[in-house]
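Participant: I would like to see how this sequence folds:
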Amino acid sequence: MARFCKTCNRVFPTLSGYIQHNNRTHRYRKPPAPRSTYQYHPNLNARPCTKDGTFLPHNAPPPMQDNSEDWTPFHDRPSFEFAELIYEKTQISKGDVDQLLRIWAAKNTIDGGGEPIFEDCDDLHSTIDSIEYGEASWESFSVRYSGPITAESASWKHETYVVHTRHSLRAVQHMVGSADFDGKFDYVPFEEYTGPNQRRWSNLMSGRWAYKKADTISEDPTSHGAMLSPIILGADKTTVSVATGNQEFHPVYMSIGNIHNDMRRAHRDAIVPLAFLAIPKGILTSRENDDDDEFRLFKKQLYHASLARILSPLKSGMSTPEIMRCPDGHFRRTIFELGPFIADYPEQVYLAGIVQGWCPKCQALPEELETAGTPRFREHTEQLMAGLDSRTLWDVFGVVEDPFTRHFPRADIHELITPDLLHQMIKGTFKDHLVAWIEEYVSATAESAREAARIMADIDRRLAAVPAFPGLRRFPEGRNFKQWTGNDSKALMKVFLPAIVGYVPDKMVHCIRAFLDFCYIARRSAHDTESLTAMDDALARFHEHRTIFEDVGVRPNGFSLPRQHALAHYVYNIKLFGSPNGLCSSITESKHITSVKRPWRRSNRNHALGQIIRTNTRLNKLAATRIEFARRRMLDGDVLSHARRAVGLDSLTDSDEDSDDENERATLADVADELGQPQLPALIRRFLHSQLYPDIQAEQLPLQECPLFDGHVAIYHSASATFYAPSELSGPGGMHRELIRSNPAWYNQYARFDTLLVQNEADVDGMLGMLVGRVLTFLAFSHEDVRYPCALVEWLMVDGEAPDPLTGMWMVKPEIVRGERTIGLIHLDCVVRACHLIGVYGKTSVPVDFHFSYSLDVFRAFYINRYADYHSHECIY
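Facilitator: Numbers count the residues shown, from 1 in each chain. This is a model prediction of the structure:
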């Protein structure tokens with residue numbers, strides 16, 4: 001099929017020639033976007049100072065720190081790395097550690113060597129306990145019911161409730177002073193602009209809230225030159241064992257708002273356990289107590305009193321600056337501010353002191369949650385509490401308790417509650433609402449229960465038929481889970497939309513599409529004026545189309561649902577606090593694993609909380625020690641190379657052998673025969689001509705005029721693509737790496753040939769500037785001492801000039817010439833990244849025995865799945 005280049009007005013007989021022409025003639029980068037300009041706060045500008053608070057001259061260096069090689073309390077680097085490996089990474093039992101060290105000692109005895117690194121597990125623990133870095137001692141305090149008590153009073157009134165907490169000021173000092181955050185730490189609130197009236201929001205200090213608080217604080221001239229340090233908190237109950245009686249813990253976590261979001265998501269000790277709250281339960285009658293208004297009120301009072309006590313060491317620093325060392329080594333005068341609070345809806349109810357079913361951020365009535373109401377704010381709540389009786393507060397305003405923030409200056413809990421992507425969007429609106437409603441619709445409208453079951457079974461088979469993709473969770477049984485996790489819901493969001501097409505009304509498909517667009521944009525690591533406008537548009541479309549569930553009788557009473565209602569506050573909150581992906585409860589839930597669940601499993605289960613705290617203290621010390629040793633450059637290189645250098649031996653070096661030696665190299669004829677691609681020699685010759693003579697179209701030349709090649713070819717079954725995608729799982733720099741597979745026997749079970757995006761016209765945005773190829777193999781060869789890494793691909797062509805109007809996804813079809821799929825050879829420099837294709841199912845049911853590895857071979861058309869990950873959603877449009 002001929003291709004026409006609109007820029008050159010030239011016709012190319014094959015797609016391969018067209019691609020090569022574009023990549024050589026027109027492949028240039030678009031002019032870079034205008035660089036951002038920053039407006040930093042003029043008064044709270046984080047001036048470096050001395051240890052006693054005297055401001056330093058501009059550009060003064062930080063004070064010298066001890067950079068000597070001191071492994072105290074460890075003997076040496078192997079001792080430290082052994083302790084870290086055993087205690088933090090492998091987490092083997094005390095008995096196993098003792099046995100390991102005894103075996104080590106026995107081997108040394110036979111060889112006539114020295115003693116093992118540690119005598120036994122107790123010696124290892126005592127060494128960790130003696131670490132000075134990261135020290136933040138824990139303390140406990142007790143709380144009791146202070147009202148009248150009689151012999152007949154409920155059991156909870158007689159109980160003493162114990163709260164365990166770290167000293168919050170010392171915990172902040174350790175976090176602010178950690179060199180691990182150097183380069184990922186904002187010292188001054190700022191506004192970022194990418195153009196006229198084009199604002200950008202990313203990390204917390206880029207939001208309006210931080211700048212506004214700096215304005216308020218700087219009304220006091222003595223605060224000028226100080227650094228604002230917002231205190232981020234998070235709280236969430238977690239169950240560690242269902243089998244042993246639903247044992248629960250209620251940890252409180254802390255971070256600081258100066259640290260960048262990507263560090264908080266990466267769990268680089270940017271969020272730490274601060275306290276464990278008491279969980280009041282009556283003895284034997286807890287179910288009756290839970291239904292008692294007085295007991296419910298006491299639990300909220302206990303909750304708020306505990307938080308106020310935990311944070312009390314920080315209170316003086318909210319008006320009088322504390323002198324603190326920062327990640328860059330400088331000291332700064334630091335003013336604290338209670339910042340965003342990460343919580344799911346039940347926790348938000350407690351935090352805001354409101355009635356269940358009300359919104360913690362606005363005064364919309366529980367039966368009118370389809371739109372946002374008048375905002376709640378601290379002064380209004382305080383006036384209500386002072387002037388109205390409890391029944392009026394409950395019935396008219398949904399207010400129960402004055403929040404803990406009343407004890408701290410400038411703090412407004414209604415403002416500080418942040419969007420919760422995990423529970424409000426992913427688990428809530430998507431899984432608990434939309435997916436469940438679609439199943440209810442199918443059950444209600446099918447001709448019979450059997451027909452409804454058939455439809456849902458086919459939807460499940462569609463989900464199971466989705467081709468493999470890097471990082472994509474599979475659904476071999478469809479939606480049939482005994483217990484859904486947040487990751488399961490996220491994975492279903494990626495593949496759900498095409499599966500329901502044809503089985504539900506188009507308006508339902510539009511509804512799901514609009515919600516997915518809103519969700520994927522909200523999850524971005526940075527937002528600008530354009531993306532927030534797109535969020536508003538997606539939410540408006542979602543609200544418009546969700547009425548279909550009301551029309552068909554699935555939601556006859558409307559949509560007054562707190563978790564869906566919360567979406568109306570997202571755009572405003574992003575403007576306040578930056579991207580919500582750094583303030584999501586998925587971060588605290590992940591922290592449950594390392595701070596609560598794993599330490600609980602290491603305990604003897606008897607009064608486990610004390611053991612959990614001890615484990616967390618040791619882990620914190622090890623982490624702080626690694627940061628300090630790394631700052632001193634004591635951990636450079638491998639531990640064995642370090643030891644060899646220490647005793648005067650040469651360090652080990654990696655082999656410099658050519659990576660091609662890892663793959664069997666074969667002659668071109670053998671490779672073509674193995675791949676079943678007799679045209680490969682001709683493709684390589686034309687490819688080489690296009691590389692050597694880019695101004696001449698190799699496709700239009702006789703083959704004999706192209707360079708000869710009869711060398712060896714190396715075959716590879718995978719290639720990696722690395723690109724900037726900070727919204728994905730990535731390193732602190734935001735670089736994401738994915739593996740693209742081309743394996744004829746993946747796990748010795750089935751063939752896997754991934755699909756990828758190929759850059760076609762670099763000056764055209766979105767899919768109009770890209771093509772899709774299915775990788776048949778990766779290969780590399782050399783010609784005239786130049787190595788060419790390539791991919792042999794089957795071409796799939798975009799179907800139409802715009803995305804499918806129903807799903808919003810582009811559609812592609814295999815390019816077929818004379819009954820065969822067309823094949824091209826491309827340089828890997830042309831590859832943008834992997835892409836995910838999902839078959840267009842049409843009206844045909846998926847066979848029961850259909851295997852997902854067949855999909856890319858049998859479907860006639862495919863959706864380019866822009867919901868495969870967040871980066872795909874940004875670049876495929």
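
Participant: going forward, measure contacts and count neighbours with C-alpha atoms only.
Facilitator: Noted.

Participant: how about Phe781, what does it touch?
Facilitator: Contacts here follow Cα atoms under 8 Å, 6 or more residues apart in numbering; on that basis Phe781 touches 711-714, 787-789.

Participant: one more time with 10 Å, if that's ok
Facilitator: When the contact criterion is Cα atoms under 10 Å, 6 or more residues apart in numbering, the partners of Phe781 are 660, 665, 668, 684, 709, 711-715, 787-790.

Participant: All the helices of the stretch 201-350 of the chain, residue numbers only.
Facilitator: With DSSP state H, counting those that start in this stretch, the ranges of helices along the stretch 201-350 of the chain come out as 208-217, 261-265, 286-290, 293-311, 345-352.

Participant: likewise the stretch 51-200 of the chain?
Facilitator: Taking DSSP H, counting those that start in this stretch as the criterion, the stretch 51-200 of the chain carries its helices at 77-84, 94-111, 121-129, 155-158, 168-176.

Participant: For Lys490, find the nearest of the ones you listed.
Facilitator: helix 168-176 (31.1 Å; Cα to Cα).

Participant: Distance to Arg752 and mean pLDDT added to the helices of the stretch 51-200 of the chain, as JSON lines?
Facilitator: Listed next are the helices of the stretch 51-200 of the chain as JSON lines, based on distance: least, Cα to Cα, whole Å; pLDDT from 0 to 100:
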{"stretch": "helix 77-84", "distance to Arg752": "39", "mean pLDDT": "95"}
{"stretch": "helix 94-111", "distance to Arg752": "42", "mean pLDDT": "92"}
{"stretch": "helix 121-129", "distance to Arg752": "47", "mean pLDDT": "96"}
{"stretch": "helix 155-158", "distance to Arg752": "60", "mean pLDDT": "89"}
{"stretch": "helix 168-176", "distance to Arg752": "46", "mean pLDDT": "95"}
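
Participant: between the longest helix anywhere in the chain and helix 77-84, how big is the angle?
Facilitator: Using DSSP state H, we find that the single longest helix of the chain is helix 608-631. In terms of direction (axes from the mean of the first three to the mean of the last three Cα atoms, to 10 degrees), helix 608-631 departs from helix 77-84 by 150 degrees.

Participant: Which elements pack onto the helix or strand following helix 608-631?
Facilitator: Using DSSP states H and E, the helix or strand that directly follows helix 608-631 along the chain is helix 639-646. Packed against helix 639-646 by the contact rule (3 or more Cα pairs under 10 Å, 6 or more residues apart in numbering; DSSP states H and E) you find helix 77-84.

Participant: try it again with 7 Å
Facilitator: Applying 3 or more Cα pairs under 7 Å, 6 or more residues apart in numbering; DSSP states H and E, we find helix 639-646 packed against no helix or strand.

Participant: Extract the C-alpha trace of that helix and format it as PDB.
Facilitator: Written as PDB, here are the backbone C-alpha positions of helix 639-646 (Å, rounded to 0.1, in the frame of the first residue of the first chain):
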ATOM      1  CA  VAL A 639      31.400  -4.600  49.700                       C
ATOM      2  CA  LEU A 640      34.000  -7.100  48.400                       C
ATOM      3  CA  SER A 641      35.700  -4.600  46.200                       C
ATOM      4  CA  HIS A 642      35.800  -2.200  49.200                       C
ATOM      5  CA  ALA A 643      37.400  -4.900  51.400                       C
ATOM      6  CA  ARG A 644      40.000  -5.800  48.700                       C
ATOM      7  CA  ARG A 645      41.000  -2.100  48.400                       C
ATOM      8  CA  ALA A 646      41.200  -1.900  52.200                       C
END
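
Participant: which helices and strands sit right next to the helix or strand following it?
Facilitator: For helix 639-646, the following helix or strand on the C-terminal side (DSSP H and E) is strand 665-667. Applying 3+ Cα pairs under 7 Å, 6+ apart, we find strand 665-667 packed against strand 712-716.

Participant: The same query, at a cut-off of 10 Å, please.
Facilitator: Using 3+ Cα pairs under 10 Å, 6+ apart, strand 665-667 sits against helix 668-675, strand 712-716, strand 770-783.

Participant: Neighbouring strands - and their directions - for that strand?
Facilitator: Sheet pairing for strand 665-667, assigned by DSSP bridges, gives strand 712-716 (antiparallel).

Participant: Only the buried residues of the partner strand, if you could.
Facilitator: Under the neighbour-count criterion of 16 or more other Cα atoms under 10 Å, strand 712-716 has 712-716 buried.

Participant: want to throw these into a markdown table with pLDDT?
Facilitator: Listed next are those as a markdown table, based on pLDDT from 0 to 100:
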| residue | pLDDT |
| --- | --- |
| His712 | 93 |
| Val713 | 95 |
| Ala714 | 94 |
| Ile715 | 94 |
| Tyr716 | 94 |
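
Participant: about what we covered before: most tightly surrounded among the helices and strands packed on strand 665-667?
Facilitator: Ranked by mean neighbour count under mean count of other Cα atoms under 10 Å, the helices and strands packed on strand 665-667 are led by strand 770-783, which reaches a mean of 22.

Participant: now that strand, how far from the centre of its chain.
Facilitator: Distance of strand 770-783 from the chain centroid (Cα atoms, centre = their mean, to the nearest Å) equals 31 Å.

Participant: Now do that strand, average pLDDT.
Facilitator: For strand 770-783, mean pLDDT rounds to 94.

Participant: Now do the contacts for Asp76.
Facilitator: Counting by Cα under 10 Å, 6+ apart, the residues that Asp76 touches are 69-70, 117, 643.

Participant: which of those residues are the two that sit furthest away from each other?
Facilitator: Glu69 and Ile117 (18.8 Å).

Participant: who has more neighbours, these two?
Facilitator: Higher neighbour count among Glu69 and Ile117: Ile117, with 19 against 11, using other Cα atoms under 10 Å.

Participant: Can you tell me, leaving aside adjacent residues, what's nearest to the more buried one?
Facilitator: Once flanking residues are discounted, Ile117 sits nearest to Ser79: 5.8 Å by Cα to Cα, 6 or more residues apart in numbering.

Participant: List the residues that contact Ala499.
Facilitator: 458-466, 838-842.

Participant: which among the residues you listed end up buried?
Facilitator: Looks like these have 458-466, 838-841 buried, using 16+ other Cα under 10 Å.

Participant: Go through the helices of the stretch 201-350 of the chain and find the least confident stretch.
Facilitator: Taking the mean pLDDT of those, helix 286-290 comes last: a mean of 49.

Participant: Show me what the helix or strand hosting Asp857 packs onto, helices and strands only.
Facilitator: Per DSSP H and E: Asp857 is located in helix 855-858. Judged by 3+ Cα pairs under 10 Å, 6+ apart, helix 855-858 is in contact with strand 837-839.

Participant: does Leu567 count as helix, strand or coil?
Facilitator: For Leu567, the assignment made with DSSP: H, G, I helix; E, B strand; the rest coil gives helix.

Participant: residues touching it, list them.
Facilitator: 371-372, 419-421, 424-425, 429, 518-519, 522, 535-536, 539.

Participant: If we go by neighbour counts, what in stretch 683-699 is buried?
Facilitator: Buried-residue list, stretch 683-699, by 16+ other Cα under 10 Å: 683-691, 694, 697-699.
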